[in-house]
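J.: any chance you could fold what I've pasted below:
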Amino acid sequence: MSDKQFITKAYSLYNLKKYEEAITMFKKAIEIDSLDLSYYNNCGYSLYNLNKYEEAITMYKKAIEINFQNVKYFNNWEILYTI
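T.: Modelled structure (predicted):
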């Protein structure tokens, strides 16, 4: 499977709400391109949907470390702290 096909599959699983499988794929996608913040965000969202809040926070923190100017990741991170 090519990198593009692999990443497409990650998004497909995410959209189908198959979060466990999507998490595995997004973590592999991060290995392919560790600067694409959408992988961290979608992995974090998938973890959130499985009530794995601490792991989700870790994903959002990584996205913030890479690009602290993107408000979306701060908002997602903040939401988890209100739970």
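J.: burial count for the residue nearest to residue 34 when sequence neighbours are not counted?
T.: Leaving aside its sequence neighbours, residue 34 sits nearest to residue 66 (C-beta to C-beta, 6 or more residues apart in numbering; 7.9 Å). Yep, even glycine has a C-beta here, placed from its N, CA and C like the rest. Residue 66 is surrounded by 14 other residues when neighbours are defined as other C-beta atoms under 10 Å.
J.: quick one, what contacts residue 66?
T.: 34, 35, 37, 40 (C-beta atoms under 8 Å, 6 or more residues apart in numbering).
J.: so among those residues, where is pLDDT lowest?
T.: Across the contacts of residue 66, the smallest pLDDT goes to residue 37, namely 88.
J.: ok, that one to residue 63 distance?
T.: Between residue 37 and residue 63 the distance is 5 Å, computed by C-beta to C-beta, to the nearest Å.
J.: out of those two, which sits in the more crowded spot?
T.: Each of residue 37 and residue 63 has its neighbours counted (other C-beta under 10 Å); residue 63 has more, 23 against 20.
J.: now the helix or strand where the more buried one lies - C-alpha only, CSV.
T.: Taking DSSP states H and E as the criterion, residue 63 maps to helix 53-66. Backbone C-alpha positions of helix 53-66 (Å, rounded to 0.1, in the frame of the first residue of the first chain) are rendered in CSV as follows:
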residue,chain,number,x,y,z
TYR,A,53,-8.8,11.4,27.2
GLU,A,54,-5.2,11.3,28.4
GLU,A,55,-4.1,9.8,25.2
ALA,A,56,-6.1,12.4,23.2
ILE,A,57,-4.6,15.2,25.2
THR,A,58,-1.1,13.8,24.3
MET,A,59,-2.0,14.0,20.6
TYR,A,60,-3.3,17.6,20.8
LYS,A,61,-0.2,18.6,22.8
LYS,A,62,2.0,17.2,20.1
ALA,A,63,0.1,19.2,17.5
ILE,A,64,0.5,22.3,19.6
GLU,A,65,4.2,21.7,20.0
ILE,A,66,4.6,21.6,16.2
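J.: brilliant, that's me finished.
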